[in-house]
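J.: Got a predicted structure plus its sequence, pasted below:
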Amino acid sequence: MENVRKYGGESYDLVLLHGGPGVPGELEPVARMISISFGILEPLLLSLSIKDQIEELHSIVMKHCNHPVVFIGHSWGAWLGFIFVSLYPEFAKKLIMIGAPPFDEKYVSEITETRLSRLTPEEKNWLFLAEQQIKTAPEENYTIMTRYIDLMIKADSFDLLPTDNSEMVFYPAVFYKVWEEASQLRKSGKLIRYASNISCPVVALHGDYDPHPADGVKEPLSNALKNFRFTLLEKCGHYPWKEKHAKDILYKIFYKEIGSTCV
C-alpha cells in the first residue's frame, strides 16, 4: 500500500518530507496550515535504506505531481530532499530545509553536548537506559518511546506552544537502519558532494536554539551551492512550527518562498 497523505487541491505543488528517519506524519500540522493555499503531499517513508526511501519518494512524485515541485524537508527530511533533488533535479523548483543536521562531521559532537546540558541528571540517566532498551527491542515498549520523544523535544525546543505531539510516531528500527547509513555519508564527505548536481534554489531555515549547530548547515552549503540562502530564526528550536516566537514568522517565510514558485 502506498503511504502518502494528501491535503488541499487536486494539483500537488508541495512535498513535505518528515524527519527521523522514522517519524512519519510529524509535519501534519504544517501540511494542514498551508494546504489552505496549496495542494500538498506528505509521504510516510518507512523503508530501511536511503536508496529505498529515494525510490519510494520518486514513485510518489511521479504518480501524483505535475512536477517540478517545491520540497520542504525537516531534519532528516532536509537531507533526504537534498539527495533527491541532486539525483532528480528535473523534479525540483525549490528545496526548503528546516532544522537540517550539520553537513560537516566536525559539528556533530556539539549536538549531544547541547541536548544533555538541557536535561536534569535524572533525565540524562533515564535517557541512557532507555536508548539501550530501544536498540535491543526497538518496537516493543510504547511507554518508553513516548517519554523518549518527549525528552528529545524538550531538549530541542526553546518555548513550545501547547501540544500533545500526537502526530509524532517513532519507528526506531527505521531510524537506526537509515541513520547509520546517512551518518556514514556525512562522515565520508559524500553527502555534501550531492550539492554539485543541485540546480534549484535551496533555502535553509534554522532555529538559533536548535542543538544542531547552524554553522554546520550555513557554512558547508554556502560554499557548495550556487543558489543558497540561510535564515536564522530567533528564539526557536528544532521544530519552528511548534515554537511560540517563531511559528508565525515561519509561515510568513513559507508563503513568500512557495508563492514565488507555485503560480
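T.: Done, it's in.

J.: now the strands: where do they sit in the stretch 51-200 of the chain?
T.: 69-74, 92-98 (DSSP state E, counting those that start in this stretch).

J.: what residues does the first one touch?
T.: Contact partners of strand 69-74, identified using Cβ atoms under 8 Å, 6 or more residues apart in numbering, comprise 12-19, 26-27, 30, 61, 79-82, 84-85, 91-100, 239, 254, 257-258, 261-262. C-beta here means a position set from N, CA and C on the backbone, and glycine is covered the same way.

J.: Give the partner strands of it in its sheet and their orientations.
T.: Strands that pair with strand 69-74, judged by DSSP bridges, come out as strand 12-17 (parallel), strand 92-98 (parallel).

J.: Please write out the alpha-carbon positions of it in PDB.
T.: The C-alpha trace of strand 69-74 is given here as PDB (Å, rounded to 0.1, in the frame of the first residue of the first chain):
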ATOM      1  CA  VAL A  69       7.500  20.900  -7.200                       C
ATOM      2  CA  VAL A  70       8.700  22.500  -4.000                       C
ATOM      3  CA  PHE A  71      10.200  20.100  -1.400                       C
ATOM      4  CA  ILE A  72      10.100  21.100   2.200                       C
ATOM      5  CA  GLY A  73      12.100  18.800   4.500                       C
ATOM      6  CA  HIS A  74      12.600  18.800   8.200                       C
END
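
J.: Stretch 203-215: which residues count as buried?
T.: Applying a neighbour-count criterion of 16 or more other Cβ atoms under 10 Å, one finds 203, 204, 205, 206, 207, 209, 210, 211, 212, 213, 214 buried in stretch 203-215.

J.: Most widely separated two among those?
T.: Using Cβ to Cβ, the buried residues of stretch 203-215 span at most 21.1 Å, a distance reached by 203 and 211.

J.: roughly how far out does stretch 48-59 sit from the chain middle?
T.: Mean-position distance between stretch 48-59 and its chain equals 15 Å (Cα atoms, centre = their mean, to the nearest Å).

J.: tell me the average confidence for that stretch?
T.: Stretch 48-59 shows a mean pLDDT of 97.

J.: Contacts for that stretch next, please.
T.: Counting by Cβ under 8 Å, 6+ apart, 2-3, 15, 17, 21, 43, 45, 47, 80, 83-84, 87-88, 91, 173-174, 177-178, 181-182, 185 sit against stretch 48-59.

J.: Just the buried residues out of those, in PyMOL syntax.
T.: Buried subset of those, written as a PyMOL selection, criterion 16+ other Cβ under 10 Å:
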select buried, resi 15+17+21+43+45+47+80+83+84+88+91+174+177+178+182+185
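
J.: Sitting in helices, which of the contacts of stretch 48-59 do you find?
T.: With helices taken from DSSP state H, the overlap with the contacts of stretch 48-59 comprises 80, 83, 84, 87, 173, 174, 177, 178, 181, 182, 185.

J.: from these, which is closest to residue 67?
T.: Looking at the ones in helices among the contacts of stretch 48-59 and their distance to residue 67, the nearest is residue 84, at 11.5 Å (Cβ to Cβ).

J.: Distance check, that closest one against residue 76.
T.: Look at residue 84 and residue 76: by Cβ to Cβ, to the nearest Å, they are 12 Å apart.

J.: Can you pull out the low-pLDDT segments for the stretch 51-200 of the chain?
T.: By pLDDT under 70, the low-scoring segments of the stretch 51-200 of the chain are 137-142, 164-167.

J.: Dump the strands of the stretch 51-200 of the chain to JSON lines, plus distance to residue 8 and mean neighbour count.
T.: Listed next are the strands of the stretch 51-200 of the chain as JSON lines, based on distance: least, Cβ to Cβ, whole Å; neighbours: other Cβ atoms under 10 Å:
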{"stretch": "strand 69-74", "distance to residue 8": "13", "mean neighbour count": "26"}
{"stretch": "strand 92-98", "distance to residue 8": "17", "mean neighbour count": "24"}
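
J.: Need these in JSON lines (columns: distance to residue 151).
T.: Shown next, in JSON lines, are the strands of the stretch 51-200 of the chain (distance: least, Cβ to Cβ, whole Å):
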{"stretch": "strand 69-74", "distance to residue 151": "19"}
{"stretch": "strand 92-98", "distance to residue 151": "21"}
